[in-house]
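Enquirer: Whatever this is, show me its structure:
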Amino acid sequence: MRELLLLRHAKSGWDNPTLDDFDRPLAARGEAAAALMGREVAVRGWVPDTALVSAALRTRQTWRLAAVEMGEGAPSATRDKALYMASADRLLALIRQAPEDCRRLLLLGHNPGMEDLAVGLAGPGSDAQALARMRAKFPTAALARFTVEGPWAGLGFAGAQLTHFLCPRDFAS
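Expert: Numbering: from 1, shown residues only. Have a look, this model is predicted:
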């Protein structure tokens, strides 16, 4: 059994309207949410073997803050420009290229592709409550966790089971 974690980047800042979208940094709220989600991944024992991260600044910053909280077991991220604003089909194609020895893969990217992919992957046996929440909204720093049977190369839409959908507000104190 394999696990797939789909993480949307944390809240980005809009302080500088002259910045290109690709270069927008995280907002302070996003920094806190990225760290929070990294801690939650670690507490649950979901630290990935492989992390594919969009090359955009806000996704790289999200990964850096989350990975610190995951501890020494967190992998170095593979940055990929192809993840930037990619469609669900493109994201799925990238997942299918994951190494077969990878048991837990984390993909960190952007909406609408991440949300479209997550909803599209959820097949029979998915957690109904998690799926309903995810379909309603896939906010910044949200994490969808799936189990996947078979090789990455064979993964298709409706081919995974959604087990959890977590948002930073779930852990706000």
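Enquirer: show me what contacts T78?
Expert: By C-beta atoms under 8 Å, 6 or more residues apart in numbering, the contact list for T78 reads T50, A51, L52, V53. For glycine as for every other residue, the C-beta is placed from the backbone atoms N, C-alpha and C.
Enquirer: Please identify the buried residues of the helix or strand of the chain with the lowest mean pLDDT?
Expert: Each helix and strand of the chain was given a mean pLDDT (mean pLDDT, DSSP states H and E); the minimum falls on strand 77-80 at a mean of 92. Buried residues in strand 77-80, counted by 16 or more other C-beta atoms under 10 Å: A77, R79, D80.
Enquirer: D20: which of these is nearest?
Expert: Closest to D20 out of these is R79 (16.7 Å), distances taken as C-beta to C-beta.
Enquirer: biggest helix in this structure by residues?
Expert: Taking DSSP state H as the criterion, the chain has its longest helix at helix 28-43.
Enquirer: hey, where'd the helices end up in the chain?
Expert: 28-43, 57-70, 88-96, 113-121, 128-136.
Enquirer: The fourth one packs against which elements?
Expert: When you say that, I think you mean helix 113-121. Here helix 113-121 touches strand 2-8, helix 88-96, helix 128-136, going by 3 or more C-beta pairs under 8 Å, 6 or more residues apart in numbering; DSSP states H and E.
Enquirer: so which of the ones you listed is the most packed in?
Expert: Neighbour counts (mean count of other C-beta atoms under 10 Å) averaged over each of the helices and strands packed on helix 113-121 peak at strand 2-8, with a mean of 23.
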